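1. My questions are about this predicted structure, shown below with the sequence.
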Amino acid sequence: MGWTGKVLRIDLTTRRVTDEPLNQEWADLYLGQRGLASKYLSEEMDPRTDALSPDNKLIFATGPLTGTMASTGGRYSVVTKGALTNTIAASNSGGTFGAAIKNAGWDMIILEGRAETPVYLVIENDQVAVLPADDLWGMTVWDADAAIRADHTELDFSIAAIGQAGETGVRYACVINDLSRAAGRSGVGTVMGSKNLKALAVRGSLGVRVAEPDLFLKAVGEARAVLDESGPRKHLAAKGTLSMMDNTNGFGSLPTRNARHVQFEHTAKINAAAVVVPRESDGQPNLSTNKACFACSIGCGRVATINPAHFSLKTAGFERYKNASGGLEYENSFALGAMCGVDDIDAVTFANFVCDEQGMDTISFGGTLAAAMELYEVGAINDEITGMPIPFGSAEALVEMVQLAGRGEGFGVDLGLGAARLCEKYGRPELAMVVKGQEIAGYDPRGMQGMALAYATNNRGACHTRGTPFVDDFVNVTPEGKPETVADLQNLVSAWDSSGLCGFTRGVFKLEGLAGQLSPATGQDWTAERLEKTGERIWNIERLFNLAAGFTKADDTLPPRFLKDPAPSGTAEGWVAKLDEMLPQYYQIRGWDKGGIPTLETRKRLGLE
């Protein structure tokens, strides 16, 4: 129970649809979602497979608590070999789509091969149709969503789709569900587009069964009561994640202008306070309200509007952007704002809308545009290449370039390469703020030594969600104790990402609280210790996938800027990321050899041999 015990497998090449029993032995070891799908991918696919080959697999996976009444139990993951990074990729999303998969009776949907012509999937419980999508191809996510609903008015689907970015091969295209929730990093939408798959429309009416209903209701109720009264829940409901901008800026760890700086002098124009200031034009603030995903009692999501007098809305075809849509959170405000030096809140909101509609990762797009802006300022590219001036701080450039990237036109084709490939193309690879090909998130690793190590060792490239040493980094600016902290957090997050719950409950529930809900849901004895070992097992199987794909110790590094150029201001002024000091300790704690390879003893202990 908790698991449905069923896997849906679809060969897009032959359009053959089959169902099979879930490998319960693997589920017991890897739990679900990120962990279990990574096990399937590792067992079924050669890690050396090209990410855009039909032989790559695309897995939509739920956890045992997905679709249940456990608070925030609406998460799902998209697992594949990432088109941006060539690493194993697992992109996590909320909304209603994961719950729809689970309520349709499936733990996972495994997609194989490549359709000869564009298709989309309609899944209603055990009824599955592979339908032609020629008329949907070329549409944005929002238009495709509307068109599918118009063709199937009898059913209320949850829809996940790609936009033009996924079709044209933007390397950081994502899968968008519920119009503005994103499985957002590493190019999972690019892989979906390479398979000529436009969308999945899913409706589930079967419900999710748990092993011990009475005990489960009690455990969920107790957990919910603790969450409701917690400070983190109240803060996230009121301010979302955007309040983090004042923290990083004040501390000196807000990557600004392609991380040439660590503080942005104009944060007051794009921070949590700015989004609630009424506009002169219509008396309305940028932030309209908050919103929640399936079964969520937090409601951290933002809904926003653009100033109707803003220049971006005068662009033909963008009349609908006068309506409310997904608002600013920390990462998109950092990436589209501070990273590019842009302080125009409406331009940043406009770019966020485009990324949602076209299916692009905001962090990677912002990091790539920032790299392009630096290339422009140092003379590596010019107006003839870009089509217009793109200096740091240009709201006009942000608004124009996000459109070009989304459509795959003009200089947008180069932007679609991602920062690493873009900077390599124009002869300045050191200007790409990436790890393993993926753009950094909103934390400068010179000021946050734990994040430096987390970025460098992350299995999917630079990422702020896989190891989250924020609190420790803000308290302790030295490298002391970081290897233990980072490894422990990476294990914790790996287990959490496999459960079906949102990561924002981690600090409140702790592993004991997660185990307390998993046990009655599954009928198994889950403990904090078992979850810790499960998370460690997941981290190591991802590591082994990447090693087999060709990654080495040399890839556990950071851009030269963070290793050589001292932070110019802030709490850690004068510091560089002290990765060389931390990495050997981290490998030792992990039970890896000096080359970063899990030892035979470690593999045996975790059941990986």
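-> Received the coordinates, thanks.
2. Going by C-alpha atoms from here, please, whenever you check contacts or count neighbours.
-> Fine.
3. mind listing the helices for the stretch 1-150 of the chain?
-> Across the stretch 1-150 of the chain, reading from the start of the chain, the helices by DSSP state H, counting those that start in this stretch fall at 24-30, 33-44, 97-103, 141-151.
4. which other residues reach the third one?
-> The list of residues contacting helix 97-103 from outside it, by CA atoms under 8 Å, 6 or more residues apart in numbering, reads 4, 61-62, 66-68, 73-76, 107-108, 125, 158-160, 177-178, 202-208, 294.
5. do that again at 7 Å, thanks
-> Counting by CA atoms under 7 Å, 6 or more residues apart in numbering, helix 97-103 makes contact with 62, 66-67, 74-76, 158-160, 177, 202-208, all of which sit outside it.
6. Kindly report the same for the second one.
-> In this structure, residues lying in contact with helix 33-44 by CA under 7 Å, 6+ apart are 26-27, 30, 59, 61-63, 76-77, 79, 90, 497-500, 538, 542, 545.
7. let's see 6 Å
-> Outside of helix 33-44, the residues within contact range by CA atoms under 6 Å, 6 or more residues apart in numbering are 30, 61-63, 77, 497-498, 538.
8. and residue 156, what pLDDT?
-> According to the predicted model, the pLDDT of residue 156 comes to 89.
9. hmm, back to that, give me whichever of the helices of the stretch 1-150 of the chain is most buried.
-> By mean neighbour count, with neighbours taken as mean count of other CA atoms under 10 Å, helix 97-103 ranks first of these at a mean of 30.
10. ok, longest helix in this structure?
-> Scanning the chain for the longest helix, with DSSP state H as the assignment, gives helix 528-549.
11. ok so, going back, with mean pLDDT and distance to residue 320 as extra columns, can I get the helices of the stretch 1-150 of the chain in a markdown table?
-> As requested, the helices of the stretch 1-150 of the chain are arranged in a markdown table below (pLDDT from 0 to 100; distance: least, CA to CA, whole Å):
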| stretch | mean pLDDT | distance to residue 320 |
| --- | --- | --- |
| helix 24-30 | 98 | 43 |
| helix 33-44 | 98 | 35 |
| helix 97-103 | 98 | 24 |
| helix 141-151 | 97 | 11 |
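12. With distance to residue 586 added, can I get the ones you listed in a markdown table?
-> Conversion of the helices of the stretch 1-150 of the chain to a markdown table gives the following (distance: least, CA to CA, whole Å):
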| stretch | distance to residue 586 |
| --- | --- |
| helix 24-30 | 23 |
| helix 33-44 | 22 |
| helix 97-103 | 34 |
| helix 141-151 | 41 |
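13. about what we covered before: of the contacts of helix 97-103, which belong to strands?
-> Those of the contacts of helix 97-103 mapping onto strands are 62, 76, 158-160, 177, 202-203, per DSSP state E.
14. Highest neighbour count among these?
-> For these, the largest number of neighbours (other CA atoms under 10 Å) sits with residue 62, at 38 neighbours.
15. separation between that residue and residue 515?
-> When CA to CA, to the nearest Å is the yardstick, residue 62 and residue 515 sit 17 Å from each other.
16. Tell me the buried residues in the longest helix of the chain?
-> Along helix 528-549, the positions that meet the burial threshold by neighbour count (16 or more other CA atoms under 10 Å) are 528, 531-547, 549.
17. what's near enough to touch residue 240?
-> Shown in contact with residue 240 (CA under 6 Å, 6+ apart): residue 300.
18. do residue 289 as well
-> With contact set as CA under 6 Å, 6+ apart, residue 289 has these partners: residue 303.
19. That one - that's part of a strand, no?
-> Yes - residue assignment for residue 289, taken from DSSP: H, G, I helix; E, B strand; the rest coil, places it within a strand.
20. beta partners of it?
-> Residues in a beta bridge with residue 289, per DSSP bridges, are residue 303.
21. so what pLDDT did it get?
-> Residue 289 carries a pLDDT value of 95.
22. And for residue 319?
-> Per-residue confidence for residue 319 comes out at a pLDDT of 87.
23. For the longest helix of the chain, name the packing helices and strands.
-> helix 482-496 (3 or more CA pairs under 6 Å, 6 or more residues apart in numbering; DSSP states H and E).
24. Averaged pLDDT, the helix it packs on. What do you get?
-> Helix 482-496 shows a mean pLDDT of 98.
25. Got the domain ranges for the protein?
-> 6-203, 256-432, 444-605 (automatic domain parsing).
26. Which of those domains sits closest to residue 216?
-> With respect to residue 216, and counting by CA to CA, the nearest of the domains of the chain is domain 444-605 at 5.0 Å.
27. ends of the closest one, how far apart?
-> For domain 444-605, the first-to-last residue distance is 35 Å (CA to CA).
28. What is the distance between it and the centre of its chain?
-> Centroid separation between domain 444-605 and its chain, computed with CA atoms, centre = their mean, to the nearest Å, is 16 Å.
29. and what of stretch 118-130?
-> In terms of CA atoms, centre = their mean, the centre of stretch 118-130 is found 25 Å from the chain centre.
30. what's the burial count for residue 263?
-> Around residue 263 sit 27 other residues, with neighbours defined as other CA under 10 Å.
31. Next secondary structure after the host helix or strand of residue 582?
-> With elements taken from DSSP states H and E, the one containing residue 582 is helix 579-590. Downstream of helix 579-590, the first helix or strand assigned by DSSP H and E is helix 600-605.
32. for that next one, which positions count as buried?
-> 602-603.
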